[in-house]
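[1] coordinates for the following, if possible.
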Amino acid sequence: MKRRSLHSLFAPVTALFVAAAFTSCEKAPEKTTAPQPEPAKPAAEKAAEAPKPAPANPAPAQPAADAAKPAAQVADVAKVAATYGFASRLPKDVEGFSAIYHLHDIWVSFSNSKWATTLLDLEPVKKDPQIQNSIKQWNSPEAQKVKDLLEAIVGNEFLVVEPAGYASKIEPLMEAYGKFLESYLQQAFLAGLSGKQMGPKEIQTLMQNAAPELVPAFAKCDVPPMLLISKAGKAKADIDGAFKQLTGMVGTKLPPAFELGSFKVADKYEFQTLSVVAKKLVAQFQEVQFELQLKELIGDEAKAKELVAQISAKHAELAWGWVDDYFVVSLGVDHSHVKFAATEADSALAIADVAKRAVQFADKKPMGLAYVSKALFEKFSPRMEFATKFNGISNELRGILKPEHITAMQADVKKLEGKAQSLFTRQFDPMVAVSYVESGIHADAFGGLRNSSYDSSKPLGFASLATPASFLFFDSRANGPHSKAIVDFVEEGAITLWGWYEKYGRTMIPEEERKSAAMAEGMVKPMVEQLWKSGRLLGKALGDESAFILDLNGNVPKLPEIPPFLADGKIPRIAYVAELKDRAALSESWKGFSGLIKQIGAFVPPTALPQGVPEAVMKKDGDVELHFIPLPVPTDDVLPHIAISKDRWIISTSPSFSKELASKAVATTGPALGSNDQVNFSAVWDLAEVWLGVLDKNTEQMLGPGEAKEFKENRSLISTALKLARCLKGMESQISEESGQARMSVHLKVEDLK
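    Numbers count the residues shown, from 1 in each chain. Predicted coordinates for the structure are as follows:
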């Protein structure tokens, strides 16, 4: 299987936290301004660039992946262009981009919040010399210069752009890195088995051993085209000064292989270049010597000559220049990708999927906008391939197995590969992601990998099971046919492997060991088959929707070792809930599991289980059956069990919790979702309040005299800290579909002090 990874283009949720590293809290928010207009063009040039009228008989519409924005909506894109800055000037053929906006404004808003003011006003903070010294350094003139520079570079608007051609250039690099990583992990595993660590000596040995494969792989690589763009006009003098120092090193401190150049974009934007020519670098380090070293590494003189020629032909270029108030840095083999759109209608902002979301979220004043083309996704989507690799491994068995046996095994693997490719082939749409601040941080991603694992056709029924005491609530509905197909595939693979053993493997077992092997087969095979059969019956019995809940409203058990006053506290309760569709299949499944447990118990020494394998007990509580193994001592409501109701199957640690979950009606309204995951921090803060109340009433008993005194002295501080913590409400993530595309929405719920 080819191993590739997709370059990450979007990190909206972390953007707010990154802001703290480079922005200043003293300055007032700066208003976002539109890009400066270009000089007026001659009428003839305007006419040439004007949108052409639509033909009388237009061609059929292209797929959403690369369709042009309808002419009727071009005006809408122009209206929101100022909101998205340089995205409206990127060419329409970009393969991806990620932009972040006004992080400095967000940081200023945060630093001026009641939350931040209250935190800095806490006595421990004011009295801590290290914290105060850090604040003093943060506000020093030296630090302010650095903050001003970083604010100008990334605090207003910053883009990372993958231009056309990025995927084809990055692919060889990712494949070469994958080969290196595979070699490294293999060597690290072997070193770990021998109790060693991967030090410099081991890495050097790894590189020498893997050189015949790694050197040719990396020789194919080029610098992928990329643009870094910043609205950094305020720091123009500092940036120009830094790059002037860089150019001053050419001809003095840098080798002769580095060359300066320049070019213009649109006949008006001047760019400078710093290029490195590999041929000159190779010549500087003596080509003959370089070739000899390669020959020694890979052990092939002809291949070494070929690699020297391949490496010598490499060329890399760094380019930089100003486009109005934006500083643009280019990386690549040249600067052919440094080009900009003439109008908003020709820009990346007018890509159909981008335009749709850009217009939809413009009034939210987004802090992030990202785009990944369908082609870029598909370029880095790993294809399920293992037949060819198996052929290489199985061919080494010639002489042990008959040729016809090897051919049959290879045919089996090829068949499995075809089914795997049909089952696991991933389909993509272009992805557009938008993030904004509103009662915390919202991030919505539209498109990307199509959901095959979830059924998003209707609301999640178990949504009604979440309560204010639910700390973790993970609810999802699986795509039933897809899940069954995966299980069928796993089963077919296991049957194929067992068939190989029966046909070919048994004959390879030494004669003296065949009797014991047959005995092991007779015991283990039926048990594995029973386990698998019972598991499949359980899957048939249960529906597609299930939920995991960690609740913080459990009762403290009354045990002799637990002081009675702790009963006023609360403890966690855990439950897994699934739909129950087929009670008969569930009963058959349990019979299989029960019989299997008894078989395994027969192998346990009597001293370990003097009473034998304990039998499960069934207790009826209204319409709910509770199945459990009695514990040695009563534990009240703390009792691991399985609960069965008319339409639910529950594994839980609390009978009362199971009864609550079984009695609640399923939700019938709400958005259609495939998954809804919630982390409710408010439930944690509520639990802390409960236990603080218990501690307030029983301070001496729980802490002792000395610590009790300290606790009472700091009680108000603890309350303030808890009040600050309550500003972090929680996080919710939802997976759904919209217009046939996947949608993932994340909301980090944060609010200021009231």
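[2] and residue 261, bridged to which residues?
    Under DSSP bridges, the beta-bridge partners of residue 261 are residue 273.
[3] for the stretch 51-200 of the chain, give me the ranges with low pLDDT.
    By pLDDT under 70, the low-scoring segments of the stretch 51-200 of the chain are 51-74, 190, 192-195.
[4] show me where it has helices.
    Using DSSP state H, counting those that start in this stretch, the helices found in the stretch 51-200 of the chain span residues 74-84, 103-111, 114-120, 123-127, 129-138, 141-150, 166-193, 200-219.
[5] and residue 372, which of those is closest to it?
    Closest approach to residue 372 among those (CB to CB): helix 166-193, 10.4 Å. Using the backbone N, CA and C atoms, a C-beta is placed for each residue, glycine as well.
[6] run through the neighbouring helices and strands of the closest one.
    Packing partners of helix 166-193 (3 or more CB pairs under 8 Å, 6 or more residues apart in numbering; DSSP states H and E): helix 200-219, helix 374-379.
[7] how about it: buried residues?
    166-167, 169-180, 183-184, 187-188, 191 (16 or more other CB atoms under 10 Å).
[8] is it true that residue 98 touches residue 370?
    Yes. Counting by CB atoms under 8 Å, residue 98 does reach residue 370; the two are 4.2 Å apart.
[9] looking at the two, which is more packed in?
    Shown here are residue 98 and residue 370; by other CB atoms under 10 Å, residue 370 has more neighbours (26 against 22).
[10] so the more buried one: helix, strand or coil?
    Three-state secondary structure (criterion: DSSP: H, G, I helix; E, B strand; the rest coil) places residue 370 in strand.
[11] deepest in the core, which of the helices of the stretch 51-200 of the chain is it.
    helix 103-111 (a mean of 21; mean count of other CB atoms under 10 Å).
[12] so what's residue 649 up against?
    For residue 649, the contacting residues are 541, 542, 577, 578, 579, 580, 586, 642, 643, by CB atoms under 8 Å, 6 or more residues apart in numbering.
[13] coming back round to it: out of the helices of the stretch 51-200 of the chain, which is closest to residue 654?
    With CB to CB, the closest approach to residue 654 among the helices of the stretch 51-200 of the chain belongs to helix 114-120: 35.4 Å.
[14] how about the closest residue to residue 555 other than its chain neighbours, phi and psi?
    The shortest distance from residue 555 to any non-neighbouring residue, by CB to CB, 6 or more residues apart in numbering, is to residue 637 (5.0 Å). When read as degrees, to the nearest 10, the backbone of residue 637 gives phi -90, psi 10.
[15] residue 736 now?
    Per degrees, to the nearest 10, the backbone of residue 736 is at phi -150, psi -170.
[16] and residue 102, by the same measure?
    Taking degrees, to the nearest 10, you get phi 40, psi 50 for the backbone angles of residue 102.
[17] what count of nearby residues applies to it?
    Neighbours of residue 102 (other CB under 10 Å): 23.
[18] please report the distance of it from residue 344.
    Going from residue 102 to residue 344 by CB to CB, to the nearest Å gives 20 Å.
[19] just residue 474 next, same as before
    42 Å.
[20] between these two, which has more neighbouring residues?
    A direct count of neighbours by other CB under 10 Å for residue 474 and residue 344 places residue 344 higher, at 24 against 17.
[21] which residues touch that one?
    Contact analysis of residue 344 by CB under 8 Å, 6+ apart lists 74, 77, 78, 81, 88, 350.
[22] any idea how far residue 75 is from the closest residue to the fifth one other than its chain neighbours?
    Read that as residue 88. Spatially, and ignoring its direct neighbours in sequence, residue 88 is nearest to residue 81 (3.8 Å; CB to CB, 6+ apart). Distance of residue 81 to residue 75, computed by CB to CB: 11 Å.
[23] ditto for residue 560
    Per CB to CB, residue 560 is found 77 Å from residue 75.
[24] again with residue 711
    65 Å.
[25] how about residues contacting stretch 389-403?
    The contact list for stretch 389-403, computed with CB under 8 Å, 6+ apart, reads 1, 406, 409, 410, 413, 504, 508.
[26] mark which of these are buried, thanks.
    For the contacts of stretch 389-403, a burial check counting by 16+ other CB under 10 Å picks out 406, 409, 410, 413, 504.
[27] just to revisit the earlier point, could I get the contacts of residue 344 as JSON lines with distance to residue 319?
    Putting the contacts of residue 344 into JSON lines (distance: CB to CB, whole Å) gives the following:
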{"residue": "74", "distance to residue 319": "31"}
{"residue": "77", "distance to residue 319": "28"}
{"residue": "78", "distance to residue 319": "29"}
{"residue": "81", "distance to residue 319": "25"}
{"residue": "88", "distance to residue 319": "22"}
{"residue": "350", "distance to residue 319": "26"}
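[28] what's the closest of those to residue 671?
    residue 77 (27.9 Å).
[29] which residues touch the closest one?
    Residue 77 neighbours (CB under 8 Å, 6+ apart): 69, 88, 344, 345, 347, 349, 350, 355, 358, 359.
[30] between these, which is nearest residue 218?
    Closest to residue 218 out of the contacts of residue 77 is residue 347 (35.6 Å), distances taken as CB to CB.
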